[in-house]
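> Need a 3D model of the following:
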Amino acid sequence: MSELPVVVVGAGPQGLAAAAHLLERGQEVVVFEAGATPAAAVSEWGHVRLFSGWSELIDAAAHRLLEGTGWAAPTEGYPTGREWVDRYLAPLAAALGDRVRTSATVTGITRAGRDRVVDSGRHGTPFLVHTVDADGHESHIRARAVLDASGTWSTPNPAGASGVPALGERAIGERVSYRIPDDVSHLAGQHLLVVGAGNSAAHAVLRLTDLARTEPGTRVTWVLRRGGVGSVFGGGAGDGLPERAALGTRARRAMEKGLVEVITGFRVDELRAHPDGITVVADDGREVTDVAHVFALTGFRPDTSFLTELRIALDPVLEAVAGIAAEIDPNIHSCGSVGATGARELAQPEPDFFIVGAKSYGRAPTFLALTGYEQVRSVAAYLAGDDEAADRNELALPSTGVCGGSGDFDTAGENCCAVPVLQIGARPVAVG
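The predicted structure is shown next:
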């Protein structure tokens, strides 16, 4: 077992940072990335500028590894996703060399020769990580430990308010989008609808109202499931990240100027397709008609389909790692009030298997990159036998400036958290 590598699933910011920490501690590691390049998910929003500065986006162990290659750390400004990849994540993957294997989708993780039911000899048996490459070739590798850092980007939540796709949602296909829009010029002169209350939704609204200012006939409707706007507009001056606060301020101004119609307490139940548009129907019978395109920006959820043969414990509400759920519950905590969550809290019933990064938070929208870096530092220390370092808390997060509870879902009460925000140009953007 000691001669086997640690396998990391996902070559995003947390997965690559985990590899750097493990390598620094003398642990061999293999990273599997489903995309064709490292940090493939980040590359999908490469035009987006992050709200965090470089100092909050570079992991400490990764920094030390890269320094040995002659790399110079960026120090000022707010990078775009593409810049984050080009100036940090891609060089980090290159420094890790052939330990990072791209176009390798993990399809299953189990114990060698044992499904989840078998107790006998389980803890002393290696993990078996099954993968498939871009050509469909299947293989597997034995591992002494596994970190799942695969994120949630590939599994956005639906427009349907009940957690499942609304009636007709699947059928209307490309007329529903689940990502923050980039170029919206092709939508000029049409009626556009945004579903969601986080910063992703707020930015989409701003992109679309900018279009409405210049293109006659463009209409924007913003539907919120909650009974009031609550903290949709963020924490204002109390936000520890000023660019995040600016997003909420601009969204509020757009509403006050009548550039967007805001409808509260609207829970999408059905999307009816017609030749000339979509009718969006709420569960109370209200309708928004003649919609050309729907932007469903309602958060993300974890994909656990390849973990079915492992013994894992997830919170029944958040689908987060059970050991950290109480610390990250958005009904109680904001992004700045969650505590550090390390190896002890992330431990699973399956020894030496850990879910880290955004996926560890399940459906909670309070995850930040800094949190993930602290998680993988702690887990790497644990796997290297350094319990003191694993138990140490080295995390400090910026405040959100919003209240500490979710309020009443059915009334106009305040709610707690905003989704981590990025910035396009001079404008912040959320990434769920």
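> ok, now how distant is the closest residue in space to residue 64 that isn't next to it in sequence from residue 380?
By the measure of Cβ to Cβ, 6 or more residues apart in numbering, the closest residue to residue 64 outside its immediate chain neighbours is residue 24, 6.7 Å from it. From N, CA and C alone the C-beta is placed, and that goes for glycine too. When distance is defined by Cβ to Cβ, to the nearest Å, residue 24 is 8 Å away from residue 380.
> list residues touching both of those two?
Each of residue 61 lies in contact with both residue 24 and residue 380 under the rule Cβ atoms under 8 Å, 6 or more residues apart in numbering.
> These two: which is more packed in?
residue 380 (29 against 16; other Cβ atoms under 10 Å).
> Can you tell me the element that one falls in?
Applying DSSP states H and E as the criterion places residue 380 in helix 369-383.
> That helix - what's its average pLDDT?
Average pLDDT, helix 369-383: 96.
> Same question for stretch 212-223.
Computed over stretch 212-223, the mean pLDDT rounds to 95.
> Just the CA coordinates for that stretch, please, in PDB.
Backbone C-alpha positions of stretch 212-223 (Å, rounded to 0.1, in the frame of the first residue of the first chain) are rendered in PDB as follows:
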ATOM      1  CA  ALA A 212     -31.700  46.400 -23.300                       C
ATOM      2  CA  ARG A 213     -30.200  49.900 -23.000                       C
ATOM      3  CA  THR A 214     -28.800  49.800 -26.600                       C
ATOM      4  CA  GLU A 215     -31.200  47.500 -28.400                       C
ATOM      5  CA  PRO A 216     -34.900  48.600 -28.600                       C
ATOM      6  CA  GLY A 217     -37.400  45.900 -27.800                       C
ATOM      7  CA  THR A 218     -35.100  43.900 -25.400                       C
ATOM      8  CA  ARG A 219     -37.000  43.000 -22.200                       C
ATOM      9  CA  VAL A 220     -35.600  41.400 -19.100                       C
ATOM     10  CA  THR A 221     -37.500  39.600 -16.400                       C
ATOM     11  CA  TRP A 222     -35.900  38.300 -13.200                       C
ATOM     12  CA  VAL A 223     -37.800  35.700 -11.200                       C
END
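> how distant is it from the center of its chain?
Average the C-alpha atoms of stretch 212-223, do the same for its chain, and the two points are 28 Å apart (Cα atoms, centre = their mean, to the nearest Å).
> neighbouring contacts of it?
When contacts are taken as Cβ under 8 Å, 6+ apart, the neighbours of stretch 212-223 outside the stretch itself are 187-195, 201, 205, 208-209, 211, 255, 259-263, 266, 268, 280, 282, 288, 291.
> so where do the helices sit in the stretch 151-300 of the chain?
Applying DSSP state H, counting those that start in this stretch to the stretch 151-300 of the chain gives helices spanning 199-214, 242-256.
> Including mean neighbour count and distance to residue 181, could the ones you listed go into TSV?
Written out in TSV, the entries for these read as follows (neighbours: other Cβ atoms under 10 Å; distance: least, Cβ to Cβ, whole Å):
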stretch	mean neighbour count	distance to residue 181
helix 199-214	23	6
helix 242-256	19	15
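> Now render the ones you listed as CSV, adding distance to residue 47.
Rendered in CSV, the data for the helices of the stretch 151-300 of the chain read as follows (distance: least, Cβ to Cβ, whole Å):
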stretch, distance to residue 47
helix 199-214, 12
helix 242-256, 16
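> between these, which has the poorest average model confidence?
The stretch with the lowest mean pLDDT among the helices of the stretch 151-300 of the chain is helix 242-256, at a mean of 79.
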